[in-house]
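>>> I'd like to go over a predicted model; first the sequence, then the structure.
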Amino acid sequence: MADTLVSIVLERLTSVVEQQIHEQVSLVPGVESEIQSLKSTLRSVRDVLEDAERRKVKEKSVQGWLERLKDMAYEMMDTKVSFCMPSPFIRFKQVASERTDFNFVSSRSEERPQRLITTSAIDISEVFGRDMDEKIILDHLLGKMRQGKSGLYIVSIFGTGGMGKTTLARLAYNHRKVKTHFDERIWVCVSDPFEPARIFRDIVEIIQKASPNLHNLEALQQKVQTCVSGKTFLLVLDDVWTEDNQLWEQLKNTLHCGAAGSRILATTRKESVVKMMRTTYKHPLGELSLEQSRALFHQIAFSEREKEEELKEIGEKIADKCKGLPLAIKTLGNLLRIKNSEEEWKYVLNSEVWQLDEFERDISPALLLSYYDLPPAIQRCFSFCAVFPKASVIERDELIKLWMAQSYLKSDGNTDGNIIRCKMHDIVHDFAQFLTQNECFIVEVDNQQMESIDLSFKKIRHITLVVRESTPNFVSTYNMKNLHTLLAKEAFKSSVLVALPNLLRHLTCLRALDLSSNQLIEELPKEAMGKLINLRHLENSFLNNKGLPKGIGRLSSLQTLNVFIVSSHGNDEGQIGDLRNLNNLRGDLSIQGLDERRDQGCGQALQPHPNLKALHIYYYGDREWPNWMMGSSLAQLKILNLKFCERCPCLPPLGQLPVLEELGIWKMYGVKYIGSEFLGSSSTVFPKLKELAISGLDELKQWEIKEEEERSIMPCLNHLIMRGCPKLEGLPDHVLQRTTLQILNIRSSPILERRYRKDIGEDRHKISHIPQVKCRCD
């Protein structure tokens, strides 16, 4: 976590020096050398942070040092670096110098964290809920399925740490049918690093019951081939982490000499490993059901216990708390097996799981291994998720924006993919909160309890605010002056016109602010908002406010803003000109409040960024379209919707847009004719357009395409929607017969419906080749 903060500060210092060189401005004598010295310190600190993060789990002194280091790093992030060395930078060097007291191991060294070595031994009486999983794995190990594409039949079990992957592999490995089916059974705990030579030695030692006195890789490969040649074998590779295909090929190519029917059974936490191995069958392992969880807990916690009725209900609640994670159930079951009083059981039930020493000892290593396997930047992204309340549904795009606001991501990157939203397993969420102690909080504002809240609020950097009272008291939250993230979505149950300005006035370090869906927020505080100069992400959708404060124009770091409301109430609120300073905006932006009286010239001034991908224009009040809709300003535009632009008598030359894929024209009552002005002058008209929807054009009578020269028009058109055009007399033959049209949808357009009606329509023959025609009269 600290690694990312240090990296951000290092980048800031580098940019200061580069700016100095570019602007040919000299720093105060001695400051430049101080910056270079601090950069060297930052690099040295970063080299030992990986070891420090590992050791903080068990060493309080290391944890304390890391907390101070992070506090100083945050202060440096919040301090402007100009032409003198600010005091937080000097204090950071003092804290950083203490690293030598801990004898940290540099990340450049080859020392790695110790991992548990697994074996095939198992106590079957302590396994519950995996009968179906075991049957599926056995079917693949014992069945007559053909070999995989690689020549080996590979079965992979994958899932999060503590889910029971190794247990399932042990069940299969020790099954009586497996013992008699294979000539040789070999169990190898692979772990990390993946070392082919060590794996070869383990294979030979297990088969020959003697350690091979060989060290050369070629000699070891030949020995393995001698041991398995012509035999059916089951090789279990437990806990595989590597994604290095070259290392995997060394192992795989050595095993081809086994007899048909040989199998490899691998366990891994990473689906990328499953793909790298070209797995024949992959088996995702999920949580236990509620009943299975309770049965497993009961088997362990109530073993050899005479009186159980008084503790049974508490035990079920404790098992439910583990959310189907077998390792967690076993850990708490073993803990409570030796505890007899109801008070001790209730203590465990009511405790945060990471407050329990046994949980930290047994569960922490399982999750920490996965955590340490992540790159430092991704570690930081993961731990930030502790700011969301447990069981929250987290929207992907929202999460990416919040990460960017904290500088955890270099850019918005490629957000394509199948993941739209996600949830964290409760214990994984607890683990994230364990990693971010004193940094990420869910804060409940309650008048009765606020006075007792710890003043360590000043260390909090990221919070979700939950308001329990109708008239909240925010006094204690004013201590959170170092906040970087404040999420208060749907938080306020009453008017907060007095409380909100006082709250925000103190948060000058804020990077991300979510006030969305608070209908009782009638306006954002003018003076307070203007002070949030570090703000990068502002969620202000679904508020009941009528304008943005005038100070919004000073927030030049803003990257995301949902809604910009142009004020009609005078000079104290934001005007359209305030947008000129918000040059870092990206993503979606809705501009509201433009009306007929004030539209003149505004449309022309709102020329969008050339990389704009989607544009929606509603209630445009001018008669003339702005010039930028006719030029190259929309060269990257893929989606365009024009709605309720009632005063415009014609359409702009949208056929010139080179990559436009979706076009919607809705409720434009002033348009009576669509002709060549719509096509523009390009040699290819609408070259990428796939879907065109024309709806609610009550006065439209004619749509014509008159071409003296042969031009390619809508060569990619796939879907045409005509809806609510009661006066339209017909559709252009070119669109119907000279495009790749696959779907034609006609609704609430009586003349068109009659003209293209099935069997009896006069122009039905013009659309008979279109695969899907949806017409109400058919």
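Structure received.
>>> Every contact and neighbour count from this point should use C-alpha atoms.
Fine.
>>> Would you tell me what the next helix or strand after the worst-scoring helix or strand of the chain on mean pLDDT is?
Counting by mean pLDDT, DSSP states H and E, the weakest-scoring helix or strand in the chain turns out to be helix 2-23, with a mean of 57. Next in sequence after helix 2-23, counting helices and strands by DSSP states H and E, comes helix 31-55.
>>> helices or strands next to that next one in the packing?
Here helix 31-55 touches helix 2-23, helix 60-77, helix 87-96, going by 3 or more C-alpha pairs under 8 Å, 6 or more residues apart in numbering; DSSP states H and E.
>>> Now do the buried residues in that helix.
Neighbour counts using 16 or more other C-alpha atoms under 10 Å place 32, 35, 38-39, 41-42, 45-55 of helix 31-55 among the buried residues.
>>> Could I get the contacting residues of residue 764?
Applying C-alpha atoms under 8 Å, 6 or more residues apart in numbering to residue 764 gives the contacts 755-758.
>>> one more time with 10 Å, if that's ok
By C-alpha atoms under 10 Å, 6 or more residues apart in numbering, residue 764 lies in contact with 753-758.
>>> Mark which of these are buried, thanks.
Looks like the contacts of residue 764 have 753-758 buried, using 16+ other C-alpha under 10 Å.
>>> Can you pull the poorly scored residue ranges out of the stretch 401-550 of the chain?
The model of the stretch 401-550 of the chain has pLDDT under 70 over residues 410-417, 445-458, 467-479, 491-499, 520, 522, 544-547.
>>> All the strands of it, in order from the start?
For the stretch 401-550 of the chain, the strands defined by DSSP state E, counting those that start in this stretch occupy 421-422, 440-445, 462-467, 485-487, 512-514, 537-539.
>>> now swap in the stretch 51-200 of the chain and tell me
Going by DSSP E, counting those that start in this stretch, the stretch 51-200 of the chain shows strands at 153-158, 184-191.
>>> among the contacts of residue 764, which are in helices?
Among the contacts of residue 764, DSSP state H puts 753-755 in helices.
>>> ok so, going back, which one of the buried ones among the contacts of residue 764 is nearest residue 485?
Proximity to residue 485 was ranked across the buried ones among the contacts of residue 764 by C-alpha to C-alpha; first place goes to residue 753, at 55.7 Å.
>>> which residues does that closest one contact?
By C-alpha under 10 Å, 6+ apart, the residues touching residue 753 are 726, 730, 746-747, 761, 764, 774-778.
>>> Let's see the PyMOL selection covering just the buried ones among those residues.
Per 16+ other C-alpha under 10 Å, the buried members of these correspond to this PyMOL selection:
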select buried, resi 726+730+746+747+764+775
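>>> now, among the contacts of residue 753, which is nearest to residue 504?
residue 747 (51.4 Å).
>>> Could you tell me how far the closest one is located from residue 702?
From residue 747 over to residue 702 the distance is 17 Å, taken as C-alpha to C-alpha, to the nearest Å.
>>> coming back round to it: so which of the strands of the stretch 51-200 of the chain is the most surrounded?
strand 153-158 (a mean of 25; mean count of other C-alpha atoms under 10 Å).
>>> Check the offset of that strand from the chain's centre.
A distance of 27 Å separates the centroid of the chain from that of strand 153-158, by C-alpha atoms, centre = their mean, to the nearest Å.
>>> what pLDDT, on average, does it get?
Computed over strand 153-158, the mean pLDDT rounds to 94.
>>> And for stretch 556-576?
The pLDDT scores in stretch 556-576 average 77.
>>> what's the answer for stretch 314-328, then?
On average, the pLDDT along stretch 314-328 is 86.
>>> Pull out the buried positions in that stretch.
314-316, 318-328.
>>> could I get those residues as CSV with secondary structure?
Output for these, formatted as CSV (DSSP: H, G, I helix; E, B strand; the rest coil):
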residue, secondary structure
314, helix
315, helix
316, helix
318, helix
319, helix
320, helix
321, helix
322, coil
323, coil
324, coil
325, coil
326, helix
327, helix
328, helix
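>>> would you list those in JSON lines and tack on distance to residue 582?
JSON lines is the format used below for the buried residues of stretch 314-328 (distance: C-alpha to C-alpha, whole Å):
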{"residue": "314", "distance to residue 582": "56"}
{"residue": "315", "distance to residue 582": "56"}
{"residue": "316", "distance to residue 582": "55"}
{"residue": "318", "distance to residue 582": "51"}
{"residue": "319", "distance to residue 582": "51"}
{"residue": "320", "distance to residue 582": "49"}
{"residue": "321", "distance to residue 582": "46"}
{"residue": "322", "distance to residue 582": "47"}
{"residue": "323", "distance to residue 582": "45"}
{"residue": "324", "distance to residue 582": "47"}
{"residue": "325", "distance to residue 582": "47"}
{"residue": "326", "distance to residue 582": "50"}
{"residue": "327", "distance to residue 582": "50"}
{"residue": "328", "distance to residue 582": "49"}
